[in-house]
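**Q** turn this into a structure:
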Amino acid sequence: MKPTSEMDDLINLLHGSDPSESSSAVSRTKLEDRELCEAQAEIKALRLSERAREKAVEEVTEELTILDEKLKLTESLLESKNLEIKRINDEKKASMAAQFAAEATLRRVHAAQKDDDMPPIEAILAPLEADLKLARQEIAKLQDDNKALDRLTKSKEAALLEAERTVEIALAKASMVDDLQNKNQELMKQIDICQEENKILDKLHRQKVSEVEKLSQTVRELEEAVLAGGAAANAVRDYQRKVQEMNVTANRVAVVVANEWKDANDKVMPVRQWLEDRRFMQGEMQQLRDKLAVAERTARSEALLKDKYQLRLKVLEESLRTSSSGGSRLPVEGRSISNGPLRRQTPSQPRSSFSFGASTVLKHAKGLPSQSDMVSGLLYDMLQKEVVNLRKGIHEKDQSLKDKDDAIEMLAKKVDTLTKAMEIEAKKMRREVAAMEKEVAAMRVDKVHESRAKKLGSSKGPINSPQMLPGRTLPRAGLVRNLQ
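**A** Numbers count the residues shown, from 1 in each chain. This is a model prediction of the structure:
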């Protein structure tokens, strides 16, 4: 029962964990790589979308400036036309007033002509003409004041519109900043998840490294067993030579006995001694044949073990290469190979004979001295090459994991810088919005003060021209409406 338990321990050490775990770890690393690539693509898409939005905003601002210029031109044309219309109306009103005054003067003249005691017409017309000149001068001044006030109100309205637009743009940028901060938080969460998965993969990688170390120990034991097998093969050859020599000596003895047993000399061998020697030699021959059969069985079992271990090492090499290079076909093939010939057992060689052959190989390796043989040297070189390949694959996998960790750290640094830049931009935009709101409030206060001053000025106007008072109050009422 001891050799079977020893062989079971050897098989368990060689098999280690299932190849499905290694393939799942490789698939997880691939998924993490894909997620990192998707995150980088999303970051690039966000940057491109931000640039496109900035370009669109610039184009819209240019179009708005062009439209504002056009509106200003149209407003200036409308103002000029309105002023012309007002001037024409004022001229009409002045002409009508002059006509009425002339008619009144004519009536007075006619009445004065009737009355001889009335003063002359020139004395009556002179003060009226002076009053008309003063009234026209006041009208011109009021028109100039109205034009200046209209210009100021329009400029302030344009400034208010621009301030509102800037406030809207600032609010839009603030919303964009909030969206980007949310996206950055989501990316940070994804990076944390990827880091946790990388930690888990590091643990799995360490487990795989320990398994590879165990496999390297088993490979060393196999090397020793192979060397012992070479020594056993040499012992078998020595036994075969001894058997051949014994056969030759037996034939010679038989010939001598057949030719000289009738002589009466002392050299003649008696029949009983010859039969005993023959039986002894036949027993030794049978023992040697049994040993040869056992050695052949051990050699076959060692060949099978060698094939299985070579397949196992090839599967490990392919899995490590796939984990380092990122191929998708190799782990599937390695899995099929590992699931196929490694777990297959021939019905002609059961497990007991397998364990018995391995134990005999170990016994021969312990009992016989190590001798140099070409077969064992070749096997030792092959195993050394396979161990070197395994170490190279492990080193490549470690380097790939380090590169991934470096890439994750770079992404985290970039995300931190982006978040800091977005926070700084948000603070700047909030400050600008606060400043614009203060300016708008100051402009509104200035407008209120100006409207109050205009109302006070209209209430303190001259009383000498009662006919022109409604004309003076109308534009100011329009100004008050515009300000409201």
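**Q** low-confidence ranges, the stretch 251-400 of the chain, go.
**A** The model of the stretch 251-400 of the chain has pLDDT under 70 over residues 254-275, 277, 320, 323-383.
**Q** how far does the longest helix seen in the chain sit from its chain's centre?
**A** Longest helix in the chain, counting residues (DSSP state H): helix 121-260. Centre-to-centre, helix 121-260 and its host chain are 2 Å apart (Cα atoms, centre = their mean, to the nearest Å).
**Q** in the stretch 1-150 of the chain, which spans are helices?
**A** For the stretch 1-150 of the chain, the helices defined by DSSP state H, counting those that start in this stretch cover 2-15, 19-114, 121-260.
**Q** name the helices or strands packed onto the longest one?
**A** Think helix 121-260. Contacts defined by 3 or more Cβ pairs under 8 Å, 6 or more residues apart in numbering; DSSP states H and E place helix 121-260 against helix 2-15, helix 19-114, helix 271-325, helix 351-367, helix 374-459, helix 469-483. Every residue, glycine included, has its C-beta placed from N, CA and C.
**Q** now those helices as CSV including mean neighbour count and distance to S175?
**A** Output for the helices and strands packed on helix 121-260, formatted as CSV (neighbours: other Cβ atoms under 10 Å; distance: least, Cβ to Cβ, whole Å):
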stretch, mean neighbour count, distance to S175
helix 2-15, 15, 59
helix 19-114, 13, 11
helix 271-325, 16, 45
helix 351-367, 17, 72
helix 374-459, 14, 10
helix 469-483, 14, 32
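**Q** now render those as a markdown table, adding distance to Q240.
**A** As requested, those are arranged in a markdown table below (distance: least, Cβ to Cβ, whole Å):
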| stretch | distance to Q240 |
| --- | --- |
| helix 2-15 | 26 |
| helix 19-114 | 42 |
| helix 271-325 | 7 |
| helix 351-367 | 16 |
| helix 374-459 | 16 |
| helix 469-483 | 125 |
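**Q** out of the ones you listed, which is closest to V209?
**A** Within the helices and strands packed on helix 121-260, the stretch nearest V209 is helix 374-459; the backing value is 6.3 Å (Cβ to Cβ).
**Q** re the thing from before, do you know which of the helices of the stretch 1-150 of the chain lies nearest S319?
**A** Checking the helices of the stretch 1-150 of the chain against S319 by Cβ to Cβ gives helix 19-114 as the closest, at 4.9 Å.
**Q** which strands or helices does the closest one pack on?
**A** For helix 19-114, the elements it packs on are helix 121-260, helix 271-325, helix 330-339, helix 374-459, judged by 3+ Cβ pairs under 8 Å, 6+ apart.
**Q** circling back: I'd like the helices of the stretch 1-150 of the chain laid out as TSV, including distance to K438.
**A** Listed next are the helices of the stretch 1-150 of the chain as TSV, based on distance: least, Cβ to Cβ, whole Å:
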stretch	distance to K438
helix 2-15	77
helix 19-114	23
helix 121-260	10
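**Q** so which of the ones you listed comes closest to S400?
**A** Of all those, helix 19-114 sits nearest to S400, with 8.2 Å by Cβ to Cβ.
**Q** picking that back up, let me know the angle separating the longest helix of the chain from helix 271-325.
**A** Angle, helix 121-260 to helix 271-325, by axes from the mean of the first three to the mean of the last three Cα atoms, to 10 degrees: 170 degrees.
**Q** so for A112, what's the pLDDT?
**A** In this prediction, A112 carries a pLDDT score of 65.
**Q** from here on, call the first residue 639.
**A** In the new numbering, first residue 639, that becomes A750.
**Q** tell me which of the helices and strands packed on helix 759-898 sits nearest to L772.
**A** Of all the helices and strands packed on helix 759-898, it is helix 657-752 that lies closest to L772, at 13.1 Å by Cβ to Cβ.
**Q** tell me the angle that closest one makes with helix 1012-1097.
**A** For helix 657-752 against helix 1012-1097, the angle by the same axes, to 10 degrees is 10 degrees.
**Q** what residues sit buried inside stretch 761-779?
**A** Buried residues in stretch 761-779, counted by 16 or more other Cβ atoms under 10 Å: A773, E776, I777.
**Q** rebuild those as CSV, extending it with pLDDT and distance to K841.
**A** Compiled in CSV, the buried residues of stretch 761-779 are given as follows (pLDDT from 0 to 100; distance: Cβ to Cβ, whole Å):
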residue, pLDDT, distance to K841
A773, 81, 101
E776, 83, 96
I777, 83, 95
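**Q** dump those residues to a markdown table, plus distance to K794.
**A** Below are the buried residues of stretch 761-779 laid out as a markdown table (distance: Cβ to Cβ, whole Å):
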| residue | distance to K794 |
| --- | --- |
| A773 | 31 |
| E776 | 26 |
| I777 | 26 |
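**Q** which one among the residues you listed gets closest to I1032?
**A** Among the buried residues of stretch 761-779, I777 lies closest to I1032 (Cβ to Cβ), at 101.1 Å.
**Q** out of the helices of the stretch 639-788 of the chain, the one nearest Q1022 is which?
**A** Closest approach to Q1022 among the helices of the stretch 639-788 of the chain is made by helix 759-898 (8.4 Å; Cβ to Cβ).
**Q** can you show me the CA trace of stretch 938-955 as PDB?
**A** Provided in PDB are the C-alpha atoms of stretch 938-955 (Å, rounded to 0.1, in the frame of the first residue of the first chain):
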ATOM      1  CA  ARG A 938       7.400   1.000 -20.000                       C
ATOM      2  CA  SER A 939       5.800   2.700 -16.900                       C
ATOM      3  CA  GLU A 940       8.700   5.300 -16.900                       C
ATOM      4  CA  ALA A 941       8.100   5.900 -20.600                       C
ATOM      5  CA  LEU A 942       4.400   6.500 -20.000                       C
ATOM      6  CA  LEU A 943       5.200   8.800 -17.000                       C
ATOM      7  CA  LYS A 944       7.600  10.600 -19.200                       C
ATOM      8  CA  ASP A 945       5.000  11.100 -21.900                       C
ATOM      9  CA  LYS A 946       2.400  12.300 -19.400                       C
ATOM     10  CA  TYR A 947       4.800  14.700 -17.700                       C
ATOM     11  CA  GLN A 948       6.000  16.100 -21.000                       C
ATOM     12  CA  LEU A 949       2.300  16.700 -22.000                       C
ATOM     13  CA  ARG A 950       1.700  18.300 -18.600                       C
ATOM     14  CA  LEU A 951       4.800  20.600 -19.000                       C
ATOM     15  CA  LYS A 952       3.700  21.500 -22.600                       C
ATOM     16  CA  VAL A 953       0.200  22.400 -21.300                       C
ATOM     17  CA  LEU A 954       1.800  24.600 -18.600                       C
ATOM     18  CA  GLU A 955       4.100  26.300 -21.100                       C
END
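**Q** thanks a lot, see you next time.
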